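Enquirer: Any chance you can model this:
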Amino acid sequence: MAQSTILLVDDEKEIIDLLEIYLKNEGYRLLRASNGIEALSVLQKEDVDLIVLDIMMPKMDGIEACLKIREQKHMPIIMLSAKSQDMDKILGLSTGADDYVSKPFNPLELVARIKSQLRRYTRLNVQRPNKEHELEIDELTINTATHEVKLDGRDIKLTPREFAILELLARHRGTVWSIEKIYETVWKEAYFDSDNTVMVHIRKIREKIEENPRKPKFIKTVWGVGYKVE
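Expert: Numbering: from 1, shown residues only. Now for the predicted structure:
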């Protein structure tokens, strides 16, 4: 826990200075920002475990910053508010913050809340390993980093080309890919009308991942157009 990195975002330097005293004493690594724009910039360069985010700030306030952070990041966010009506506002907006603290606050109470949020976040991360490279379609899991495919936890062996076709369709769920487009994307060469290579590969993939290849669940045929994963 002592190695966790905390980003403090507040335009009041006195508050950040006060928090730094308490948090450094706990062994945390601290980063600073004075508005939402600076906070987003820091997050592009640094790995942050928790954010303390004030609401009322110039350039970009905490509510807008929280919404933008939540588009990509999932670390705990504790929001600070000087007004009770602001608290009502952020609760109503469901910005994605994990906790809310009213100013003026007791620094020891905020430190305790930070510890609690970090414990919860660490526990969840241990229970749920990073799935950044995984594509999931119901019980089918495709790991694009290791090129592993699992069906209900069972390993499915695909050739490199079979894997490339499955990954292509899974990455663009709902999009219909023509045979020509699949061939040119995976094989990286011009397609000839008489070539049934893609159809053969699709058939082999279905034989490996579908319970009934004649009534496929994962790779659907759109007659006269191509294939898609729903």
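Enquirer: Wasn't Ile51 part of a strand?
Expert: Yes. Per DSSP: H, G, I helix; E, B strand; the rest coil, Ile51 lies within a strand segment.
Enquirer: Identify the bridge partners of it.
Expert: Under DSSP bridges, the beta-bridge partners of Ile51 are Leu7, Ile77.
Enquirer: Mind pulling the model confidence for it?
Expert: You'll see Ile51 listed with a pLDDT of 93.
Enquirer: Touching, it and Ile69? I think so.
Expert: Yes. Using C-beta atoms under 8 Å, Ile51 is in contact with Ile69, at 7.0 Å. Glycine gets a C-beta too; all of them are placed from N, C-alpha and C.
Enquirer: Just list what the helix or strand where Asp155 lies packs against, helices and strands only.
Expert: For Asp155, the host element (DSSP states H and E) is strand 154-156. Packing partners of strand 154-156 (3 or more C-beta pairs under 8 Å, 6 or more residues apart in numbering; DSSP states H and E): strand 148-151.
Enquirer: mean confidence score for the strand it packs on?
Expert: 91.
Enquirer: For it, what is the distance to the chain centroid?
Expert: 21 Å (C-alpha atoms, centre = their mean, to the nearest Å).
Enquirer: Quick check: neighbours of it in the sheet, parallel or antiparallel?
Expert: strand 140-143 (antiparallel), strand 154-156 (antiparallel).
Enquirer: Give me whichever of those strands is most buried.
Expert: strand 140-143 (a mean of 19; mean count of other C-beta atoms under 10 Å).
Enquirer: one step back: could the strands paired with strand 148-151 be laid out in JSON lines, adding mean pLDDT and distance to Ile63?
Expert: Shown next, in JSON lines, are the strands paired with strand 148-151 (pLDDT from 0 to 100; distance: least, C-beta to C-beta, whole Å):
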{"stretch": "strand 140-143", "mean pLDDT": "91", "distance to Ile63": "36"}
{"stretch": "strand 154-156", "mean pLDDT": "91", "distance to Ile63": "45"}
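Enquirer: Make JSON lines from those strands and add distance to Tyr22 to it.
Expert: Below are the strands paired with strand 148-151 laid out as JSON lines (distance: least, C-beta to C-beta, whole Å):
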{"stretch": "strand 140-143", "distance to Tyr22": "42"}
{"stretch": "strand 154-156", "distance to Tyr22": "50"}
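Enquirer: that older thread, ok, residues contacting the strand holding Asp155?
Expert: The contact list for strand 154-156, computed with C-beta atoms under 8 Å, 6 or more residues apart in numbering, reads Glu148, Val149, Lys150, Lys208, Ile209.
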